[in-house]
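Student: Got a sequence here, can you model it:
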Amino acid sequence: MPVRIYKPITPGRRRASVISNEDLTKKKPERSLIKILKKKAGRSGGRITVRHRGGGAKRYYRIIDFKRNKFDIPAKVETIEYDPNRTCRIALVKYEDGEKRYILAPDGLKVGDEILSSREKIKIKIGNCLPLEHIPVGIFVHNIEISPGKGGQIARSAGSWVQVQGIEGKYAQLKMPSKEIRLVFKKCLATIGQVGLPEHRTIKIGKAGRKRWMGIKPTVRGKAMTPKDHPHGGGEGESPIGLVHPKTKWGKPALGVKTRKKKWSDRLIIKRRK
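Tutor: Numbering: from 1, shown residues only. Purely as a prediction, here's the structure:
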């Protein structure tokens, strides 16, 4: 899927690039599988919990089937569509009983392909969904469950993949996109293949306005503020932060400080990403 580079007729166009829409087979989403997406603008209970969020283009939320729990009923891929809420494409599939669902479109999935979801051992084919215990070593998978039946939570963004390293007891060894190796219950479902649109990482936004369309507002550096507004603020001209270690706006340590707290899943990590 080619990346389209604009002619440099304006400063904003000079570095901008987009993914071409040649692969899309339908413009409007399935009416029964969308809902209104209410904007929160980074607020929880009226308070700003995530800064620099707000505005952006209006969009519907596409209801994606992350659980893939319609077992042993073949489905046919009807369309490949754009989803404004995620980086990859989505595929509309129609099951033999007439039900339609959206799934994440793996790289190489085409209109007319037939896919299947099962708890048993089935053919290793792009788009098929089955437990990790039935997937051979070395195969790339995506949309992986952390707990059986909860729905896929790992490797869902464009171009991401996880490699099956082996099966040990009741766990499967997985090599994550970050190169971390961890254990996941072998009964968890995973979908065969890499998530589509790997070219997404090469896209250049090109101008500030395009970020505003995405709902992301400008970010001001701490040392460009006053001392009242940020610990890094103050000083004449281009001043350093004036501290031994960087801090957040609220005086907490920042940049390089470990923020992960002890979790029950720490024991499932065999090799850290670093």
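Student: quick one, strands of the stretch 51-200 of the chain?
Tutor: 60-62, 75-81, 90-95, 100-104, 114-115, 129-131, 140-142, 144-145, 152-154, 162-168, 171-175, 181-185, 189-192 (DSSP state E, counting those that start in this stretch).
Student: Who does the closest residue in space to Gly42 that isn't next to it in sequence form a beta bridge with?
Tutor: The spatially closest residue to Gly42, leaving aside those adjacent along the chain, is Arg53, at 3.2 Å (C-beta to C-beta, 6 or more residues apart in numbering). C-beta: built from backbone N, CA, C; applies to glycine. Going by DSSP bridges, Arg53 is paired in beta bridges with Ile216.
Student: I'd like to know which of the strands of the stretch 51-200 of the chain is closest to Trp250.
Tutor: If you check each of these against Trp250 by C-beta to C-beta, strand 152-154 wins as the nearest, at 29.8 Å.
Student: Now the closest one: buried residues?
Tutor: Gly152, Ile154 (16 or more other C-beta atoms under 10 Å).
Student: which residues sit against that strand?
Tutor: With C-beta atoms under 8 Å, 6 or more residues apart in numbering as the test, strand 152-154 has contacts from 66-68, 104, 142-146, 162, 174, 176, 184, 189-191.
Student: of those, buried ones?
Tutor: By 16+ other C-beta under 10 Å, the contacts of strand 152-154 give 66-68, 104, 142-145, 162, 174, 176, 184, 189-191 as buried.
Student: From Arg101, how far out is the closest residue to Met176 other than its chain neighbours?
Tutor: The spatially closest residue to Met176, leaving aside those adjacent along the chain, is Val162, at 5.8 Å (C-beta to C-beta, 6+ apart). According to C-beta to C-beta, to the nearest Å, Val162 and Arg101 sit 22 Å apart.
Student: what does Lys58 give?
Tutor: 24 Å.
Student: ok, now Asp107?
Tutor: Look at Asp107 and Arg101: by C-beta to C-beta, they are 20 Å apart.
Student: Of all the strands of the stretch 51-200 of the chain, which one is nearest Met225?
Tutor: strand 60-62 (35.6 Å).
Student: Show me the helices in the chain, by range?
Tutor: Taking DSSP state H, the helices of the chain run over residues 11-14, 208-213.
Student: Which residue would you name as the spatial centre of this structure?
Tutor: Ser157 (2.9 Å; C-alpha atoms, centre = their mean).
Student: Tell me how many other residues crowd the closest residue to that residue other than its chain neighbours.
Tutor: Excluding its sequence neighbours, the residue lying closest to Ser157 (C-beta to C-beta, 6+ apart) is Thr87, at 5.1 Å. Other residues near Thr87 number 17, with proximity taken as other C-beta atoms under 10 Å.
Student: And the pLDDT for Thr87?
Tutor: Thr87 is assigned 92 on the pLDDT scale.
Student: wait, doesn't it sit right on His200?
Tutor: Yes: if you go by C-beta atoms under 8 Å, Thr87 and His200 touch, sitting 5.0 Å apart.
Student: Need the residues touching each of the two.
Tutor: Taking C-beta under 8 Å, 6+ apart as the contact rule, Thr87 and His200 both touch Ala158.
Student: Quick one: the helices of the chain as CSV, columns for distance to Pro240 too.
Tutor: Below are those laid out as CSV (distance: least, C-beta to C-beta, whole Å):
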stretch, distance to Pro240
helix 11-14, 30
helix 208-213, 26
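Student: Compare the mean pLDDT across those helices and name the weakest.
Tutor: helix 11-14 (a mean of 89).
Student: before we move on, back to that, can you tell which of the strands of the stretch 51-200 of the chain is closest to Lys274?
Tutor: Closest approach to Lys274 among the strands of the stretch 51-200 of the chain is made by strand 181-185 (12.4 Å; C-beta to C-beta).
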